[in-house]
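Q: No letters, just coordinates:
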DNA sequence: TATGAATGAGTCTTCATTCAT
DNA sequence: AATGAATGAAGACTCATTCAT
């Protein structure tokens, strides 16, 4: 039954994801999951014995399906183009209300022990920094943009994104605010904007 | 006995603050407060009928005691000096583990209705932006620093700080990371660092 | 201070009466009374140590102020006229929404021990029966009405009134229903109605 | 296990009925029910989430088991016989101490909103009136009894019964009082009593 | 595997009553 | 006399978790 079992587990994870999107992490009860899945209480416990375990798997399945730098990047995109594409993607993410795990993710990592947090949350952050750094370095090399501290610049972009994300949950952020910040950041890298970012 | 009563209310707020620092917002129960204060269940309800009301008062008493730009600024500080002082203060705040309401504040505002959030959380943010913008403008005027978009720059600093704050709760941030980010930000404003901040 | 004290007690009783009218007996708390009177909790206890004691005094003060057969009866009223006057008075009482202790009274006597109930509630009932019986006897003697069982008839009227009272609290009674019942009862006593009661 | 579940629900209703009989409606707590049933607090909530809901079901199960005009009425009973049978049944009901929901029912309907009360409590009343009216009409037609206002007479009987019921809870009523009232009422309908009711 | 009834600990909230002032 | 802060018991309700079937 490994197959059937795996499919059921997958179903639970998907339904649970919806619940976490809607209610965050801390308020979700086993009953919420059970109701969303249409299975029995006992049935759920066969697969997950806490909302925490379940959320971990939701996160994991999340990573599989998302790739930071989407496939839209063509072979001969310039560094600036790649940066803009990345930022546009992030903007969508930040503004997404429905279907966003953002609140749940923060609530979850606020709870976790430091060592675990640093392992998992930081990993994603660091790998994004690496890629950004490489893009900036390439851009600097080609003269497209100006930056003598590519690593700091990359970290700075990611920190700013974290800031915008959490602000979207606390005070709210407008699309315009995001645009202006992105343009500003790009300008510090010597990239002058001429388009209206989407 | 309005006096005695007020003092007791103050005591509860102080003890509650400690509880919120230690446990965040969402996990705190009336019992936690009661235990921390050493009073009876019913006694607490004489003063506050929910952890929410209590937390609101904790926040309020917080504002009274903190002033963003501390008294350390002398008459003839330069714009760059003021900026650095401000950032050093923020760094302390971000790194403070004990006695920090940060986690509680985020958990609280994640819950609140958008309109309330925008009213209260945003206000502090905006007023900090205003002050920063003014400082940057002054610095630019005096030639100390270079910036042709003072408002965006000010917002950017605050967004970055939000990012660092929330990162301190999720993946953790080191003093070094903060320093490097501060130095980077200052460098984009044409301020070259020669000191070891802190 | 006996005088001042007595006046305060009277004030409490009056305010409490309003509370009992509005909320019945069982739901009334000491706090309700305290709030209505504008005195302190401790203050109330100096005069009454339970809602029960208080209600007993409300009832007592009630009896003082009400006289079943109101002063409207003139010297030479006929028996039928007296009966009608009595019923009209009762009708007002039954239909009164504001300011009626009816619900509180029932809730109170439902609780009390049988011996107490029989002593106090029954007394009023019996004395009303006595008066009614006397009126009917007089009416029968003068040929105004026909009744060979005056006591049963008197009890019957009172039982019917109890029925209408409790029905006003459960299913509700209309003025019309009451009128029709009164006319019917009078007709069994040989009194034909020619007026519109009011 | 819908079957087992239904049986348990039935058990709770039965035990709850006993509790309501003993203590009325307003004083009954979920704990009382829990104790009477020998189940856990949470267990009770699986079936009923308030004493009100529970009481409604007790009432409902009550209606199933009771039929106002019991099966004792034979084909060729006379109207007067039917009336007497009905009244005897009511007398038993009024005098029953153990196992009577009377107090609970009054306390319950005193609380309910007018529209609900009129819907449910009044319905039973009205249907009883209808039947009585019909019986009286038949009796009048056959000359067994005398009545030119059958509807008023029917209502009057029901009102009187309400009166006796509520009196049984306040001042108490003796079997003798009931008998004498019944005989009186019958006499107003031209039915002369020759038996000792009971 | 899967069900869902059952448990009991834990939280919130209210209230009568007391007591120092 | 009078105040009102304080108490603690009691009731409502929820939830993670277990277990017989």
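A: Okay, I see it. All figures in this text were calculated on a predicted structure; none of them were measured in a lab.
Q: in chain A, which ranges drop under the pLDDT threshold?
A: Flagging of chain A using pLDDT under 70 yields the residue ranges A:1, A:66-75, A:193-198.
Q: Can you tell me the SS state at the residue in it positioned nearest to DNA strand E?
A: Across chain A, the shortest distance to DNA strand E (C-beta to the nearest atom of the strand) belongs to residue A:42, at 1.9 Å. Glycine gets a C-beta too; all of them are placed from N, C-alpha and C. Reduced to three states with DSSP: H, G, I helix; E, B strand; the rest coil, the structure at residue A:42 is helix.
Q: Next, count neighbours for it.
A: 8 (other C-beta atoms under 10 Å in any protein chain shown).
Q: what's the longest helix along chain A packed up against?
A: As assigned by DSSP state H, the longest helix anywhere in chain A is helix A:114-142. Using 3 or more C-beta pairs under 8 Å, 6 or more residues apart in numbering or on different chains; DSSP states H and E, the elements in contact with helix A:114-142 are helix A:79-95, helix A:150-170, helix B:150-170.
Q: Quick one: closest of those to residue D:164.
A: Residue D:164 sits nearest to helix A:150-170 of all the helices and strands packed on helix A:114-142, at 66.5 Å, using C-beta to C-beta.
Q: returning to that earlier point: now the angle between helix B:150-170 and the longest helix of chain A, please.
A: Counting by axes from the mean of the first three to the mean of the last three C-alpha atoms, to 10 degrees, helix A:114-142 lies at 140 degrees to helix B:150-170.
Q: Helix A:114-142: which residues count as buried?
A: Using 16 or more other C-beta atoms under 10 Å in any protein chain shown as the test for burial, helix A:114-142 gives A:117-118, A:120-122, A:125, A:128-129, A:132-133, A:135-137, A:139-140.
Q: repeat for stretch A:55-62
A: Across stretch A:55-62, burial judged by 16+ other C-beta under 10 Å covers A:55-59, A:61.
Q: In helices only, show me those residues.
A: Assigned to helices by DSSP H, the following of these qualify: A:55-59, A:61.
Q: Can you tell me the number of residues neighbouring residue A:15?
A: As a burial measure, residue A:15 scores 19 neighbours (other C-beta under 10 Å).
Q: what comes into contact with the helix or strand hosting it?
A: According to DSSP states H and E, residue A:15 maps onto helix A:2-23. Residues from elsewhere that reach helix A:2-23 (C-beta atoms under 8 Å, 6 or more residues apart in numbering or on different chains): A:28, A:32-33, A:36-37, A:39, A:44, A:47-48, A:54-55, A:57-58, A:61-62, A:98-101, A:104.
Q: among these, which are within reach of DNA strand E?
A: Filtering the contacts of helix A:2-23 for proximity to DNA strand E (criterion: C-beta under 7 Å from any atom of the strand) leaves residue A:39.
Q: List buried residues within the contacts of helix A:2-23.
A: By 16+ other C-beta under 10 Å, those give A:28, A:32-33, A:36-37, A:39, A:44, A:47-48, A:54-55, A:57-58, A:61, A:100-101, A:104 as buried.
Q: how about the residues of chain A that lie near DNA strand E?
A: Counting by C-beta under 7 Å from any atom of the strand, the residues of chain A that sit close to DNA strand E are A:1-2, A:4-5, A:8, A:39-43, A:45-46.
Q: Tabulate these in JSON lines, adding columns for distance to residue D:162.
A: JSON lines is the format used below for those (distance: C-beta to C-beta, whole Å):
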{"residue": "A:1", "distance to residue D:162": "66"}
{"residue": "A:2", "distance to residue D:162": "70"}
{"residue": "A:4", "distance to residue D:162": "64"}
{"residue": "A:5", "distance to residue D:162": "65"}
{"residue": "A:8", "distance to residue D:162": "60"}
{"residue": "A:39", "distance to residue D:162": "52"}
{"residue": "A:40", "distance to residue D:162": "49"}
{"residue": "A:41", "distance to residue D:162": "48"}
{"residue": "A:42", "distance to residue D:162": "52"}
{"residue": "A:43", "distance to residue D:162": "53"}
{"residue": "A:45", "distance to residue D:162": "55"}
{"residue": "A:46", "distance to residue D:162": "58"}
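Q: For PyMOL, what selects the buried ones among the residues you listed?
A: Buried residues within these, by 16+ other C-beta under 10 Å, are selected in PyMOL with:
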select buried, chain A and resi 8+39
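Q: Could you work out the most separated pair of the residues of chain A next to DNA strand E?
A: Pairwise distances across these (C-beta to C-beta) peak at 23.1 Å, for the pair A:2 and A:41.
Q: tell me the contacts of residue A:175?
A: When contacts are counted by C-beta under 8 Å, 6+ apart, residue A:175 is found next to A:91, A:95.
Q: From chain C, how far out is it?
A: Look at residue A:175 and chain C: by C-beta to the nearest C-beta, to the nearest Å, they are 52 Å apart.
Q: Let me know the closest of the ones in helices among the buried residues of stretch A:55-62 to residue B:146.
A: Of all these, residue A:59 has the smallest distance to residue B:146: 42.4 Å, by C-beta to C-beta.
Q: So which residues on chain A come close to DNA strand F?
A: Checking chain A against DNA strand F by C-beta under 7 Å from any atom of the strand, the hits are A:29-31, A:41-42, A:45, A:49-51.
Q: cutoff 6 Å now
A: A:29-31, A:41-42, A:45, A:49-50 (C-beta under 6 Å from any atom of the strand).
Q: What is the nearest of the buried residues of helix A:114-142 to chain D?
A: For the buried residues of helix A:114-142, the residue nearest chain D by C-beta to the nearest C-beta is residue A:117; the value is 34.9 Å.
Q: any idea which element the residue nearest to that closest one when sequence neighbours are not counted lies in?
A: Excluding its sequence neighbours, the residue lying closest to residue A:117 (C-beta to C-beta, 6 or more residues apart in numbering or on different chains) is residue A:109, at 5.3 Å. Assigned by DSSP H and E, residue A:109 belongs to helix A:102-111.
Q: Could you pull up phi and psi at residue A:34?
A: Reported as degrees, to the nearest 10, the phi and psi values for residue A:34 are phi -50, psi -50.
Q: Would you mind measuring from it to residue A:28?
A: The gap separating residue A:34 from residue A:28 is 11 Å, by C-beta to C-beta, to the nearest Å.
Q: per-domain residue ranges of chain A.
A: In the domain annotation for chain A, the residue ranges read A:2-58, A:66-188 (automatic domain parsing).
Q: Let's have the ones you listed in JSON lines, adding distance to residue C:181.
A: Below are the domains of chain A laid out as JSON lines (distance: least, C-beta to C-beta, whole Å):
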{"stretch": "domain A:2-58", "distance to residue C:181": "54"}
{"stretch": "domain A:66-188", "distance to residue C:181": "64"}
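Q: Residue A:127 and chain D, how far apart?
A: Computed as C-beta to the nearest C-beta, the residue A:127 to chain D distance reads 46 Å.
Q: if we can go back for a sec, list the contacts of the residue of chain A closest to DNA strand E.
A: By C-beta under 8 Å, 6+ apart, the contact list for residue A:42 is empty.
Q: go again using 10 Å as the cut-off
A: Applying C-beta atoms under 10 Å, 6 or more residues apart in numbering or on different chains, we find residue A:42 in contact with residue A:34.
Q: how far away is it from residue B:101?
A: Residue A:42 sits 40 Å away from residue B:101, going by C-beta to C-beta.
Q: go on, residue A:102?
A: Distance of residue A:102 to residue B:101, computed by C-beta to C-beta: 21 Å.
Q: Isn't residue A:134 up against residue A:153?
A: No: with contact defined as C-beta atoms under 10 Å, residue A:134 does not reach residue A:153; the gap is 11.7 Å.
Q: What is the neighbour count of residue A:38?
A: By other C-beta under 10 Å, the residues close to residue A:38 number 9.
Q: which phi and psi does it have?
A: Backbone geometry at residue A:38, expressed as degrees, to the nearest 10, gives phi 70, psi 30.
Q: contacting residues for it?
A: Residue A:38 sits next to A:11, A:15 when contact means C-beta under 10 Å, 6+ apart.
Q: what's around the closest residue in space to residue A:41 that isn't next to it in sequence, how many residues?
A: Residue nearest to residue A:41 in three dimensions, not counting chain neighbours: residue A:34, with 5.4 Å by C-beta to C-beta, 6+ apart. Neighbour count for residue A:34, taken as other C-beta under 10 Å: 18.
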